[in-house]
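Visitor: following is a predicted model, sequence given first.
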Amino acid sequence: MAMGKRMVTDRRLTHRGFLAGTGSLLLLGAAGCGGNSGGGSVEGSSDTRTIEHKYGSTEIRGKPERVVSVGFNDQDTLLAFGVKPVGVREWFGEYEYATWPWAQDELGDARPKIVAGFDGINFESVAAAGPGLIAGVSSGMTRDEYDTLSEIAPTLSQTGEYIDYGVPWQAQARLTGRALGMEDRAEEIVAEIENRFAEVRERRPEFEGATGLVAARYDGYSVYGPDDVRGRFLTDLGFEIPQEVAELVGEDFFSTVSEERLELLDVDMLAMFFNTREEIEETLNSPLFGRLNAVEEGRALFYEVNSLVAGAMSFSSPLSLPYLLDTFVPRMAAAVDGDPSTEPEPAGMTEETTA
């Protein structure tokens, strides 16, 4: 493999079709808008909040005592508030209790039940957990799913101003903080992480205005748009998603790219996710992809989908973002400089190898 083609492997884990999920899926004490059959209790009753969202409004009294997360990353946001969910969703990675390394300290000795999976929500498991609140901001739940969940307990859906799976982490933190009765803490969380982003932008002025993309080997080649959480991570650092890509994605969070249009991937910094190491090798050896300037000049970074970097970017949560800022930013900087000989030192929980 030619110099400058960087391969990153963080950790080998069983793969459960993450890319397929990325393409097809990612690819609050009173009732919500539907009825409410009760569920778990809430502490106190003096503070009542009405939260507007995509499917109407949800009323919550006090501080929910038992919270179930049915979203793809909601458990991370809850843990950032110090709230340990009693039920979580297993998306990919297959870590114990669906909790990735950056969130395991916050989870502590809690043992949440898996109540939702890659393909959907197990409503019986959600009900059995006895929730006082169901958090599903990142779930992409349908109206029918919302109605069913809100019969179990007050349910928090995303607001209608963002695409499914595209709620910015700041908006999700504030919405979750309001649902938990912890709005001040939400502002603290947002400020802490936004300050971290500002520090990186100041330290890495080369990111400002550089073109960047996150892509995946799904259905050929797929790219994530500016409204996807992975795209937002790049733009929060000063990168720009090419206009042609934004137009191709439109109002979705990703779009496929034909081999005839692979030039769309020729950006200043390309991060790409693959099913396996072998798939990386195969793609690099393909006549069209391997000749991209981004590949030949060492501006492309390749990760297996179960790697910590790929997982942290897909979660884009208050807990995973600091990990990315510490670990991935140096690799992005080494890529943007266009010098294939530049290699960042491994950091944090990852291991980098150059073939």
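Guide: Structure's in. What do you need?
Visitor: which residues touch the residue nearest the centre of the chain?
Guide: Taking Cα atoms, centre = their mean, the centroid of the chain lies closest to F315, which sits 2.3 Å from it. If you count contacts by Cβ atoms under 8 Å, 6 or more residues apart in numbering, F315 has them with F72, N73, D76, W100, V229. All C-beta spots, glycine's among them, are computed from the backbone N, C-alpha and C.
Visitor: repeat that for 10 Å
Guide: Residues in contact with F315 (Cβ atoms under 10 Å, 6 or more residues apart in numbering) are 72-73, 75-77, 91, 93, 100, 102-103, 138, 169, 229-230, 321, 323-324.
Visitor: helices of the stretch 51-200 of the chain, residue ranges please.
Guide: With DSSP state H, counting those that start in this stretch, the ranges of helices along the stretch 51-200 of the chain come out as 74-80, 101-107, 123-128, 143-152, 169-180, 183-203.
Visitor: actually the stretch 201-350 of the chain, not the one I wrote
Guide: For the stretch 201-350 of the chain, the helices defined by DSSP H, counting those that start in this stretch occupy 229-236, 243-249, 277-284, 293-296, 308-315, 320-327, 329-336.
Visitor: what's the closest of the ones you listed to P205?
Guide: helix 329-336 (10.6 Å; Cβ to Cβ).
Visitor: circling back: pick the most buried one from the helices of the stretch 51-200 of the chain.
Guide: Ranked by mean neighbour count under mean count of other Cβ atoms under 10 Å, the helices of the stretch 51-200 of the chain are led by helix 74-80, which reaches a mean of 28.
Visitor: of all the helices of the stretch 51-200 of the chain, which one comes closest to T50?
Guide: Judged by Cβ to Cβ, the one of the helices of the stretch 51-200 of the chain that comes nearest to T50 is helix 169-180, at 9.7 Å.
Visitor: what helices or strands is that closest one leaning on?
Guide: Here helix 169-180 touches strand 42-53, strand 56-64, strand 67-69, helix 74-80, strand 133-135, strand 155-156, helix 183-203, helix 229-236, going by 3 or more Cβ pairs under 10 Å, 6 or more residues apart in numbering; DSSP states H and E.
Visitor: check what pLDDT the residue nearest to the centre of the chain gets.
Guide: Among the per-residue scores, F315 holds a pLDDT of 96.
Visitor: for F254, same thing?
Guide: 87.
Visitor: neighbours around it, how many?
Guide: When neighbours are defined as other Cβ atoms under 10 Å, F254 has 25 of them.
Visitor: ok, back up a step: okay if I get the helices of the stretch 201-350 of the chain as JSON lines plus distance to A127?
Guide: Compiled in JSON lines, the helices of the stretch 201-350 of the chain are given as follows (distance: least, Cβ to Cβ, whole Å):
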{"stretch": "helix 229-236", "distance to A127": "29"}
{"stretch": "helix 243-249", "distance to A127": "37"}
{"stretch": "helix 277-284", "distance to A127": "40"}
{"stretch": "helix 293-296", "distance to A127": "49"}
{"stretch": "helix 308-315", "distance to A127": "26"}
{"stretch": "helix 320-327", "distance to A127": "29"}
{"stretch": "helix 329-336", "distance to A127": "42"}
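Visitor: most packed of those?
Guide: Among the helices of the stretch 201-350 of the chain, ranked by average contacts under mean count of other Cβ under 10 Å, first place goes to helix 308-315 (a mean of 26).
Visitor: C-alpha coordinates for that helix, PDB please?
Guide: Once non-C-alpha atoms are left out, helix 308-315 reads as follows in PDB (Å, rounded to 0.1, in the frame of the first residue of the first chain):
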ATOM      1  CA  LEU A 308     -13.800   4.300  18.800                       C
ATOM      2  CA  VAL A 309     -13.400   7.200  16.400                       C
ATOM      3  CA  ALA A 310     -16.300   6.000  14.200                       C
ATOM      4  CA  GLY A 311     -18.400   5.300  17.200                       C
ATOM      5  CA  ALA A 312     -17.700   8.600  18.900                       C
ATOM      6  CA  MET A 313     -18.500  10.500  15.800                       C
ATOM      7  CA  SER A 314     -21.700   8.600  15.200                       C
ATOM      8  CA  PHE A 315     -22.800   9.200  18.800                       C
END
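Visitor: heads up, I number from 5, so please use that
Guide: Sounds good: first residue 5 from here, last item helix 312-319.
Visitor: for D188, give me its contacts.
Guide: G181.
Visitor: swap in E196?
Guide: Residues near E196 by Cβ under 10 Å, 6+ apart: A84, P322, P326.
Visitor: same check, this time on E128
Guide: V119, I156.
Visitor: S161 versus that one, what's the distance?
Guide: Going from E128 to S161 by Cβ to Cβ, to the nearest Å gives 20 Å.
Visitor: got JSON lines for the helices and strands packed on helix 173-184, with mean pLDDT and distance to E255 too?
Guide: Shown next, in JSON lines, are these (pLDDT from 0 to 100; distance: least, Cβ to Cβ, whole Å):
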{"stretch": "strand 46-57", "mean pLDDT": "70", "distance to E255": "19"}
{"stretch": "strand 60-68", "mean pLDDT": "93", "distance to E255": "22"}
{"stretch": "strand 71-73", "mean pLDDT": "98", "distance to E255": "26"}
{"stretch": "helix 78-84", "mean pLDDT": "98", "distance to E255": "23"}
{"stretch": "strand 137-139", "mean pLDDT": "98", "distance to E255": "25"}
{"stretch": "strand 159-160", "mean pLDDT": "97", "distance to E255": "23"}
{"stretch": "helix 187-207", "mean pLDDT": "97", "distance to E255": "26"}
{"stretch": "helix 233-240", "mean pLDDT": "96", "distance to E255": "13"}
